[in-house]
Every structure is written in C-alpha cells, then in structure tokens.
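Visitor: Kindly return the folded structure for what I paste below:
(2 chains)
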Amino acid sequence: MLDLNFVRDNLPLVEEKLRLRGMNPAEVLKDFGEVDSQRRQAITATETLKAQRNRASEEIAKLKKSGQDASAQIAETKDLREQIQEKEKTSIELEARLQEILAGIPNLPHSSVPAGKSAEDNVEVRRWGTPPKFDFAPKPHWELGEQLGILDLERAVKLTGGRFAVYWDLGAKLERALANFMLDVHTREHGYTEVLPPYLVNSASMYGTGQLPKFASDLFRVLHGETDLWLVPTAEVPVTNLYRDEVLDAERLPVSLTAYTPCFRSEAGSYGKDVRGIIRQHQFQKVELVKFSRPEDSYDQLEKLTQAAEEILQKLGLPYRTMALCSADMGFSSAKTYDLEVWLPGQQVFREISSCSNFESFQARRANIRYRPEGKNKTEFVHTLNGSGLAVGRTWLAIIENYQQSDGSVLIPEALKPYMGVDRITAKKF
RNA sequence: GGAGAGUUGGCCGAGUGGUUGAUGGCACCGGUCUUGAAAACCGGCAUACCUUAACGGGUAUCGGGGGUUCGAAUCCCUCACUCUCCGCCA
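Guide: Numbering: from 1, shown residues only, chains lettered A, B, ... in the order given. Reported below is the predicted structural model:
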C-alpha cells in the first residue's frame, strides 16, 4: 500500500496516476480527505483524555508514596476511563475505514510506464528469435500431448476435476527437466539463492503480498480443525514474506532468491478464454525470481531480473517478445511490469510466460520489510521485485508446439538434453 | 497428542503493580586521542501516530488479542510461536 502521508500530501498526483490506470479517482479514494481529518480529530480527543488520566495516575502514585489519601483522585480517574473508552471506539472505527481506503489504492505507475487504456496499448520493447517454419499445419499442444500420450486431461478430470492435468512418462520428465534447468541457470549464472518454501501459508502472509483482503476468491483455502491456511498462488507469497517484519543489513542487498513451487489458483470468472489445453490451470508449477533491493537500485534490478527470465527462453530457443505493460494493464501492486510472451505456433499467438514487476515499497510497506542504509540509524522500506523465471507449464507447452515434427514427435532442445536423457519424444500409450 | 519452561529495542540481556520507553552489553553515528587506523575515553542512538510555523508537547507499543486496576513489561484469561522431556511417525 501507499504511504498515508504521501497520499495526503500528493492527492492531485495520486488522482492523476489513478486515471492513468483507467480508474475513477473518486471511486478509489472515496471520502479519503473527510475520513482522514475526522480520524485525526478523534485521535487528538482521545489522547488528550489519556494524557489527563496519566497525569492523575502519577499524582495518585505520589500521594500514596507519601502516605496520603488519594480516594478523590481515584474516583475522578475512574470517570475518565469511561470517556476514554467511548472516544477510543470512534477513533478505532475511523482508523479502520482509513486503512480500508488506503489498502484499496493500487500502486502508482512509474514515470517510464507507457500510458494506455487496455492491453492493446502495451508496448513491445524487443523481440527475440524467429518463429519456426512448418511444411505442415502445426498442432496445438493439447492435440500433440494426447497423441504422444504424455498429457492426460481426461483422467485428471476423474481424479480431481477440470483445469487439472496428469503428465505421463516423458511429459512428466519434461516438466521436471525444465524446473531443474531453470533453477540451475538462475543459481549458477545469475546469482540467485534457491529456496524451498511451504506451499501453505497463513493469512498474514497473504496480506503481506497483497492477495488479501481483495483477492480471496482467486485463492484455495484449507480449513482443518483450528488451522486456516491458503495454498500459495505463486512462490512470490512465501518467498517475499520470508523477510516480513525484518530489518535487512544494507550490505546484503540486493537479495536474489529463486524457488520452484506449485501454484494454486482458483480464478473464478476467468473462464471462457483459454479453455483448451493447459494454458490456464488450477495447479501449475513455476520457478519464481524474487529480489529485495535498495530503492535507488530497483529499476536496474528489474532489468536484470527480466533479462534472467529472457535468458531461459533464449537457451531453450523459444521465440518471444518483451512487452512493457501500459498503465491500465498492470497488476494492483506493481509500479512497472514487463511481460514475456512466447510464440505458440499451434495457436499462432504470443502468450504470456513470465511477468516481471517492480513493486517499489508497496509490498514492503505492507509486509514491513526494511533495511538500514549505511551511516543512518533510521530504517527504510526495501523495494521488492519478482518475476516468473519461468512458468514451467507454459514453457512445457511452448516446447511441445515449437519443436513438433511432421511425424508428430517432438524434438528436445539442446539445452534440455542432459536433463531429459533423450533427444525426442515419440508416441506411447498409457 | 501429554507435561514443563520461555517470548523484552537491529542483536544479546536486566527487570514481578507507581518517573521503566524500559539497567547493561554489542552493533551503529559523532567527537577526543592518532600521520592514518585500531584500542581507550566522551557523547548520541527505538518505532508509529496526533499536535505545533518551529522549538517542543502528547499518545501507544516489552509475542498477538482480551481482562483486572486510578495505574500493567510486571497479575488473570486466551491464541500463536520457540525450547526440553514423553508418545507417535516418514
């Protein structure tokens, strides 16, 4: 979330940035100014009463110490207590309303973010690779996967339901090979430290990265006896929250972490599009990249993080383009986002395979992640960044579609051969 | 699952109802000394919010929440977590 003082002092700027996002400032900010000033009045009123009570208590202590009678003062203070409770109730209510408004304000787009009204206005900043040429009609991955016997959506329905998948044999191995390959590249070549976090987290963690309170309906919840946990929708949640409520040493920054986890997303209402194949699943696996950075470095770090994700696509020989999301298409918490879109010949489209964002201090403020700049006693919020490096499920299908052959088999990209042990996937029945 | 012991500032660690926002140490910042550094010595050093033009004043915070009391780090309840022992288990 944004800083209260910043919002109060820069209201016109906040409104302008909200409009850039395609939002109506009046709807987002509601009666911010009114609630803010009422809250301050209420706080002043209660605190004046409290100060009065504290002075009286001190008086009582002195009287008692010198052996004098204090019953008059005690009676008076008793009365004060009721007044305080009443006033305090109002200020707590107003505080809650203000927090709710503040929590509902999205991050402000960075000045380098292209202005726009929809995804149509996203800007292509670069393109890599050449889409493969086929002397036959390339098939979509759901046909290829079924024919090869490596992707089984029917049995997944039997086991669990729609939007889940079963991978067989070299299909399962390809998923595992991709994860290992990505983690190896990021840890060996890009300086990331591998982390294996829990796949279930508590509500505080979901608040820390902003999934709660607004997006509960996109999540899977696990209630068991007294426990109330959530399945992670992305490794961003547990990994960013590793440093929740901590103060990091300045010399450790930037901290770069990578994690391979399943991701669970309920995403009610996003059906209709992408119903075929495994583009949009309730469970998919992803290698995530997370950075904690000094504020002044964070945009350099965003470029590095995006580059690291792009390198995976390059090593796999998958054509892609890098899009700078426009102001209207960015996520709630992001100040700037690059999407990587991989070419899918079976569908003749570019599809998102990675999303790399700088959240500046938006998440850090919420999750209370700070650092102490050298030579200063005061702590500051770090900037947090993350990106997919990459979504393994979508990389899987991109390989199937881009490396398909006229006989229906799929070649294994050079970089993956050591991980696969074979250089081609051919049809099998299971 | 059972029994017990804990949780205090960036870190360590005192403190069991009344100037304790909290002794002390480490770390950090400034200074003295030094050619420079180290050591030593002196001083400073929590956070958030309200208020003030400013100086300053005020409120809250000792794991979270609630309670007792004129007054709570200190007493009570509750939840979470950590540690030790027992049980169970891959």
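Visitor: can you give me the helices in the stretch 251-400 of chain A?
Guide: A:298-315, A:362-367, A:392-402 (DSSP state H, counting those that start in this stretch).
Visitor: Buried deepest among those helices, which one?
Guide: When those are scored by mean count of other C-beta atoms under 10 Å, the highest mean neighbour count falls to helix A:392-402 (a mean of 25). For glycine as for every other residue, the C-beta is placed from the backbone atoms N, C-alpha and C.
Visitor: Output the contacting helices and strands for the helix or strand just after that one.
Guide: Once the chain leaves helix A:392-402, the next helix or strand it forms, by DSSP states H and E, is strand A:410-411. On a contact count with 3 or more C-beta pairs under 8 Å, 6 or more residues apart in numbering; DSSP states H and E, strand A:410-411 meets strand A:424-425.
Visitor: what's the strand it packs on packed up against?
Guide: Secondary elements touching strand A:424-425 (3+ C-beta pairs under 8 Å, 6+ apart): helix A:170-189, strand A:410-411.
Visitor: give me the number of residues near A:Glu120?
Guide: By other C-beta atoms under 10 Å, 9 other residues sit near A:Glu120.
Visitor: and if you look at A:Gly171?
Guide: So A:Gly171, with other C-beta under 10 Å, has 22 neighbours.
Visitor: Next: A:Leu63.
Guide: Neighbours of A:Leu63 using other C-beta under 10 Å come to 16.
Visitor: Spatially nearest residue to it (excluding sequence neighbours)?
Guide: A:Ala70 (4.2 Å; C-beta to C-beta, 6 or more residues apart in numbering).
Visitor: Who does the residue lying closest to A:Gly387 once chain neighbours are set aside form a beta bridge with?
Guide: Nearest non-adjacent residue to A:Gly387, counting by C-beta to C-beta, 6+ apart: A:Cys356, 3.0 Å away. Here A:Cys356 sits in beta bridges with A:Tyr338, A:Gly387, as judged by DSSP bridges.
Visitor: got the contact list for A:Cys356?
Guide: A:289, A:302, A:305-306, A:309, A:337-340, A:385-388 (C-beta atoms under 8 Å, 6 or more residues apart in numbering).
Visitor: any chance of the helices of the stretch 251-400 of chain A in TSV, with distance to A:Phe164 and mean pLDDT too?
Guide: What follows is these, written out as TSV (distance: least, C-beta to C-beta, whole Å; pLDDT from 0 to 100):
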stretch	distance to A:Phe164	mean pLDDT
helix A:298-315	25	98
helix A:362-367	30	89
helix A:392-402	11	97
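Visitor: right, and those helices - which one's nearest A:Leu18?
Guide: Checking those against A:Leu18 by C-beta to C-beta gives helix A:362-367 as the closest, at 14.2 Å.
Visitor: What helices and strands are in contact with the closest one?
Guide: Checking 3+ C-beta pairs under 8 Å, 6+ apart, helix A:362-367 ends up next to helix A:203-209, helix A:236-241, strand A:383-391.
Visitor: Kindly state the distance between the middle of the longest one and the middle of its chain.
Guide: Going back to what we said before, that points to strand A:383-391. Distance of strand A:383-391 from the chain centroid (C-alpha atoms, centre = their mean, to the nearest Å) equals 8 Å.
Visitor: Equivalent analysis for stretch A:309-325, please.
Guide: On C-alpha atoms, centre = their mean, the centre of stretch A:309-325 falls 20 Å from the chain's centre.
Visitor: I would like the C-alpha coordinates for stretch A:380-400, written out in PDB, please.
Guide: Output in PDB follows, covering the C-alpha atoms of stretch A:380-400 (Å, rounded to 0.1, in the frame of the first residue of the first chain):
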ATOM      1  CA  GLU A 380      13.700   2.400   5.300                       C
ATOM      2  CA  PHE A 381      11.500   0.100   3.300                       C
ATOM      3  CA  VAL A 382      13.200  -2.000   0.700                       C
ATOM      4  CA  HIS A 383      11.900  -2.300  -2.800                       C
ATOM      5  CA  THR A 384      10.600  -5.800  -3.800                       C
ATOM      6  CA  LEU A 385      10.600  -7.300  -7.200                       C
ATOM      7  CA  ASN A 386       9.500 -10.600  -8.700                       C
ATOM      8  CA  GLY A 387       9.100 -12.400 -11.900                       C
ATOM      9  CA  SER A 388       8.500 -15.800 -13.300                       C
ATOM     10  CA  GLY A 389      11.600 -17.400 -14.500                       C
ATOM     11  CA  LEU A 390       9.600 -19.200 -16.000                       C
ATOM     12  CA  ALA A 391       6.100 -20.600 -15.700                       C
ATOM     13  CA  VAL A 392       7.100 -24.300 -16.200                       C
ATOM     14  CA  GLY A 393       3.700 -25.400 -17.500                       C
ATOM     15  CA  ARG A 394       3.600 -22.800 -20.300                       C
ATOM     16  CA  THR A 395       7.200 -23.500 -21.100                       C
ATOM     17  CA  TRP A 396       6.300 -27.200 -21.400                       C
ATOM     18  CA  LEU A 397       3.600 -26.500 -24.000                       C
ATOM     19  CA  ALA A 398       5.700 -23.900 -25.800                       C
ATOM     20  CA  ILE A 399       8.400 -26.600 -26.400                       C
ATOM     21  CA  ILE A 400       5.800 -29.100 -27.500                       C
END
